[in-house]
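Q: I would like the atomic coordinates for the input below:
(one chain, ligands or ions: 2)
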Amino acid sequence: MLMVDCGISFPDEDMHGVDVVIPDFSFVEEHKDKLRGVVLTHAHEDHVGALSHFLQRVNVPIYATQFTHAMIRPKLEERMDTRNLKTVTVRHGDLIPAGDMKFEFIRITHSIPETSCIGIHTEHGVVLFTADFKFDFTPVDGQLTDLKRLTELGESGVVCLLSDSTNIDRPGFGPSEQLATEGFRKAFAEASGRILITMFSSNIHRMQQAMDVAAETGRKVAVAGRRMEQTVDICTQLGYIKPPKGVRIRLDQANELPEDQVVILTTGSQGEPMSALVQMSREEYSRMRVREGDTILYSARPIPGNEAAIWQTTNRLFKLGAVVVHDANPPIHVSGHAYQDEIKMMINLTKPFYLAPVHGEPRHLHAYCEMAKAMGHAEHRMFKLQDGKKLIIDETHAWLEDATDGAELWIDKGGHIVSPQTVRERVVLSDFGLVTAVVKLSSTKGLLSVSLSSRGYSGSEVSLVRAREASEDTLGAIPVKQLSEDGFVVGKVADAIGVTLQRQASLRPMVVVDIVRV
Ligand SMILES: [Zn+2]
Ligand SMILES: [Zn+2]
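A: Ligands and ions are numbered 1, 2, ... in the order given. As a prediction, this is how the structure comes out:
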């Protein structure tokens, strides 16, 4: 058994207090004796972000390229004890045995260096996982997709293609990453003051492009943001970023230079509250301030769900006098994912028997299958996968098996699992607040008193008085010996309070009942 990638996704807006969403590993844990390793396609968080959670449960070798290892190492070190970690550095073209199978890394272009398709050689043929990809014929690092190897695998028999489908709704062939260089040239020419560029802290190629255009236009480049500084340093050491001579400076040096000689690369393109750009927009970043004359370039796509935070940041930056650019022509951001014709090209090169689009929402998977049908592929050989569901392929058939395990786990900032029940409670708390009742009971006299207090509850004092009276009336009407059971009393009081507050104030706060027996 092999695990390909181990990523995180982000919570929906209504998942209060959930920091990240990770896969439910129970199936893999049950079969961990068979697991030969985790194979990483590339270093994006949606492919590697859950590794620390997984490796703390199951310690297996991590197979990845040199670049991917370099990117994940510092993050793993922050989150876990890495002394017993088993890492294997793979080069493109290596064929690695894993039990009855073998697997290989095939070079492909994407928005991060050393992205790889994974070809898993099984007794029924090759299962090919495209990873995130695009066909970029002029990649920034000059490392081209290994079209020859993809074609060879197509000739030898790909039993199933698991393909990126993120950009299935974009017709045609996507532009090369090089286009962003053109976008930067135009944006730099139009800016008279400092230029701030925000992007993902893993976007090595984009950083290189920004540094190149800065050198062309007589500007120097500083970095603001801890993770991004770390990435630039590691990548410069390893040669993945080659800053033109004298271009890279420290942030404090940038503050000394004339404004038209400065470029600052910064984090915060998704509106992350703790990021440098968001802190600057709140005037809370101690190392520099945004001011009149600054131009801020958003060189990233908003991840769905982050739009509100991004626009709030943008508006705050405008208030500080900066000009914020999201869209430009030529573009200052180019997608790293294949458009429709590139996705077709992948199918045509690899000639798969079964098709299973991945890396997309259900609407993308549907559109992918519609497109493949129009290309002449049989519908019964396509599978729309879902988290937690198994696609089983045997000698003669393939089918989807219903999910038996949960698909995902919600993790909070402290690293704990948050249950859906907890999140439901938080929604009630945040919408309506909390009312607490302390019920004093005597074993001989029955009810002594009920006292209510509230937190975050917006109804009137009178509504709380009515709720107290209602619970007193309810308990007063019950014979003393029936009040000996806590659960019964709690239920009666909670009902009386809930019904009264709903009637009096049209509010449904969480009600917590404590019983004190004297
Ligand atoms: Zn991805
Ligand atoms: Zn990616």
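
Q: all contacts plus neighbour counts: C-alpha atoms, from now on.
A: Fine.

Q: Does residue 496 touch residue 473 like I think?
A: No: contact criterion CA atoms under 8 Å: residue 496 and residue 473 do not qualify, at 9.1 Å.

Q: the more surrounded of these two?
A: residue 496 (21 against 14; other CA atoms under 10 Å).

Q: quick one: that one and residue 471, what's the gap?
A: Look at residue 496 and residue 471: by CA to CA, to the nearest Å, they are 5 Å apart.

Q: which stretches of the stretch 401-518 of the chain form helices?
A: 420-432, 461-476, 486-505 (DSSP state H, counting those that start in this stretch).

Q: looking just at contacts, which helices and strands does the shortest one meet?
A: What that stands for is helix 420-432. If you count contacts as 3 or more CA pairs under 8 Å, 6 or more residues apart in numbering; DSSP states H and E, helix 420-432 packs onto strand 510-517.

Q: Next, the angle from the strand it packs on to helix 420-432.
A: Relative orientation of strand 510-517 versus helix 420-432 (axes from the mean of the first three to the mean of the last three CA atoms, to 10 degrees): 100 degrees.

Q: how about strand 510-517: buried residues?
A: 510, 511, 512, 513 (16 or more other CA atoms under 10 Å).

Q: can you give me the angle it makes with helix 486-505?
A: 140 degrees.

Q: Need the contact partners of strand 510-517.
A: By CA atoms under 8 Å, 6 or more residues apart in numbering, the residues outside strand 510-517 that reach it are 425, 428-429, 432-443, 486, 490, 493-494, 497-498.

Q: Could you list the low-pLDDT ranges of the chain?
A: 404-406 (pLDDT under 70).

Q: what's the closest non-adjacent residue to the residue of it most remote from its centre?
A: Here the chain reaches farthest from its C-alpha mean at residue 444, the gap being 59.0 Å by CA atoms, centre = their mean. Closest residue in space to residue 444, ignoring its immediate chain neighbours: residue 480 at 7.2 Å, by CA to CA, 6 or more residues apart in numbering.

Q: before we move on, what about residue 24?
A: residue 408 (4.5 Å).

Q: what about residue 233, distance to residue 248?
A: In terms of CA to CA, residue 233 sits 10 Å off from residue 248.

Q: higher neighbour count, the two?
A: Between residue 233 and residue 248, counted using other CA under 10 Å, residue 248 has the larger neighbour count: 20 against 13.

Q: my guess is that one contacts residue 221, does it?
A: Yes: assessed by CA under 8 Å, residue 248 is found in contact with residue 221 at 4.9 Å.

Q: Which residues are in contact with each of these two?
A: residue 211.

Q: And the closest residue to residue 115 other than its chain neighbours, how far from residue 360?
A: Of all residues not flanking residue 115 in the chain, residue 42 sits nearest, at 4.8 Å (CA to CA, 6+ apart). Residue 42 sits 17 Å away from residue 360, going by CA to CA.

Q: The two: who's more crowded?
A: Set side by side, residue 42 and residue 360 show more neighbours around residue 42, with 27 against 17, by other CA under 10 Å.

Q: what residues are up against the more buried one?
A: Contacts of residue 42 (CA under 8 Å, 6+ apart): 48, 64, 68, 112, 113, 114, 115, 116, 131.

Q: Next: residue 79.
A: Applying CA under 8 Å, 6+ apart, the residues near residue 79 are residue 52.

Q: Report the separation between it and residue 73.
A: 10 Å.

Q: What residues of the host helix or strand of residue 230 count as buried?
A: Residue 230 is located in helix 226-238, with elements delineated by DSSP states H and E. Buried positions in helix 226-238, judged by neighbour count with 16+ other CA under 10 Å: 227, 228, 229, 231, 232, 234, 235.

Q: Of the residues you listed, just say which sits nearest to residue 269.
A: For those, the minimum distance to residue 269 (CA to CA) is 12.0 Å, reached by residue 228.

Q: ok, for that closest one, nearest residue in space, not its chain neighbours?
A: residue 201 (4.6 Å).

Q: ok, that neighbour - contacts?
A: 227, 228, 231, 266, 267 are the contacts of residue 201 under CA under 8 Å, 6+ apart.

Q: Just put those in TSV and tack on distance to residue 455.
A: Putting these into TSV (distance: CA to CA, whole Å) gives the following:
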residue	distance to residue 455
227	38
228	41
231	44
266	40
267	37
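
Q: Closest one of those residues to residue 90?
A: The nearest one, if we look at those relative to residue 90 and count by CA to CA, is residue 231, at 20.7 Å.

Q: right, and the closest one touches residue 70 too?
A: No: checked against CA under 8 Å, the pair residue 231 and residue 70 is beyond contact range at 9.1 Å.

Q: ok, now how distant is residue 516 from residue 439?
A: Relative to residue 439, and taking CA to CA, residue 516 is found at 6 Å.

Q: Please apply the same query to residue 129.
A: Counting by CA to CA - residue 129 and residue 439 are separated by 61 Å.

Q: show me where the stretch 251-400 of the chain has strands.
A: Applying DSSP state E, counting those that start in this stretch to the stretch 251-400 of the chain gives strands spanning 262-266, 295-298, 323-325, 354-358, 390-393, 398-401.

Q: Just give the number of residues close to residue 94.
A: Neighbours of residue 94 (other CA under 10 Å): 12.

Q: That one contacts residue 107, doesn't it?
A: No: in this structure, residue 94 is not within contact of residue 107 by CA under 8 Å, at 11.0 Å.

Q: about what we covered before: helix or strand: which one has the residue nearest to residue 228?
A: With DSSP H and E as the test, residue 201 turns up in no helix or strand.

Q: State the distance from it to residue 172.
A: In terms of CA to CA, residue 201 sits 29 Å off from residue 172.

Q: cool, and residue 380?
A: Taking CA to CA, one finds residue 380 at 26 Å from residue 172.

Q: Compare the two (neighbour count), which wins?
A: residue 172 (14 against 10).

Q: is it true that that one lies in a strand?
A: No: counting by DSSP: H, G, I helix; E, B strand; the rest coil, one finds residue 172 to be coil, located in no strand.

Q: For it, give me its contacts.
A: 339, 340, 341, 342.

Q: repeat that with 10 Å
A: Neighbouring residues of residue 172 by CA atoms under 10 Å, 6 or more residues apart in numbering: 338, 339, 340, 341, 342, 343, 344.

Q: do you know how far the third one is from residue 513?
A: Spelled out, that is residue 340. 58 Å.

Q: try the last one
A: Counting by CA to CA, the gap between residue 344 and residue 513 amounts to 61 Å.

Q: How is the nearest residue to residue 360 once chain neighbours are set aside assigned, secondary-structure-wise?
A: Excluding the flanking residues, the one nearest residue 360 by CA to CA, 6+ apart is residue 166, at 4.7 Å. Look at residue 166: counting by three-state DSSP, its state is coil.

Q: Touching, residue 166 and residue 303? I think so.
A: No: using CA atoms under 10 Å, residue 166 is not in contact with residue 303, being 11.8 Å away.

Q: Look at these two and report which has more neighbours.
A: Using other CA under 10 Å, the more surrounded residue of residue 166 and residue 303 is residue 166, with 24 against 11.

Q: list the contacts for that one?
A: When contacts are taken as CA under 10 Å, 6+ apart, residue 166 is in contact with 132-133, 336-340, 343, 357-361, 363-365, 368.

Q: which residues touch stretch 501-508?
A: So stretch 501-508 is contacted by 428-429, 431-435, 457-460, 462-467, 495, 497-500, 509 (CA under 10 Å, 6+ apart).

Q: Where does residue 197 fall, secondary structure wise?
A: strand 195-198.

Q: Just the buried positions in the helix or strand following that strand, please.
A: Counting by DSSP H and E, the next helix or strand C-terminal to strand 195-198 is helix 204-216. Buried residues in helix 204-216, counted by 16+ other CA under 10 Å: 204, 205, 206, 207, 208, 209, 210, 211, 212, 213, 214, 215.
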